[in-house]
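Novice: Give me coordinates for this.
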Amino acid sequence: MRYRVTNSTRNTLLADGAARADSFLTRFKGLLGVAHLAPGDGLHITPCNSVHTFFMKIPIDVLFLDASQRVVGVAHALAPWRVSQVYFGAKSVLELPAGTAAATLTQAGDALEFTTT
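Specialist: Presented below is the predicted three-dimensional model:
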């Protein structure tokens, strides 16, 4: 199943083909092995309140979301072999191509909306 993710606070599109990782296997694999994340792609990982980019090949933007899908933190262009800050209020994360958060002006406090496509 794919999701369309919009920032309803700013009326911007973040992804139109985001996948969901909500099982042990899909969360474990994440974006490992992905050599390119195209604009419009993304991965919503739940539950999750921090990420690492060990063994990844590309930098990513990471949006940390609370239970209401409100952004509680943003990691811009998190490079491979890094660990994010832990956001104790986060219940899930949305991983996007690097630069997406800045291009859409997405920041803490913004509300996101997920719809199935």
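
Novice: alpha carbons only for contacts and neighbour counts from here, please
Specialist: OK.

Novice: Could you pull out the strands in this structure for me?
Specialist: Remark: strands assigned in the chain by DSSP state E are 3-7, 12-21, 41-45, 60-65, 71-78, 92-97, 112-116.

Novice: Flag every buried residue along the helix or strand of the chain at the bottom of the mean pLDDT ranking.
Specialist: Least confident helix or strand, the chain: helix 24-29 with a mean of 92, by mean pLDDT, DSSP states H and E. Buried residues in helix 24-29, defined by neighbour count with 16 or more other C-alpha atoms under 10 Å: residue 27.

Novice: still on that earlier bit, I'd like the strands of the chain written out as a markdown table, with mean neighbour count and mean pLDDT added.
Specialist: Listed next are the strands of the chain as a markdown table, based on neighbours: other C-alpha atoms under 10 Å; pLDDT from 0 to 100:
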| stretch | mean neighbour count | mean pLDDT |
| --- | --- | --- |
| strand 3-7 | 21 | 98 |
| strand 12-21 | 20 | 97 |
| strand 41-45 | 24 | 97 |
| strand 60-65 | 27 | 98 |
| strand 71-78 | 20 | 98 |
| strand 92-97 | 26 | 98 |
| strand 112-116 | 15 | 98 |
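
Novice: Now distance to residue 30 too, for these, in a markdown table please.
Specialist: Listed next are the strands of the chain as a markdown table, based on distance: least, C-alpha to C-alpha, whole Å:
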| stretch | distance to residue 30 |
| --- | --- |
| strand 3-7 | 16 |
| strand 12-21 | 7 |
| strand 41-45 | 7 |
| strand 60-65 | 12 |
| strand 71-78 | 15 |
| strand 92-97 | 9 |
| strand 112-116 | 19 |
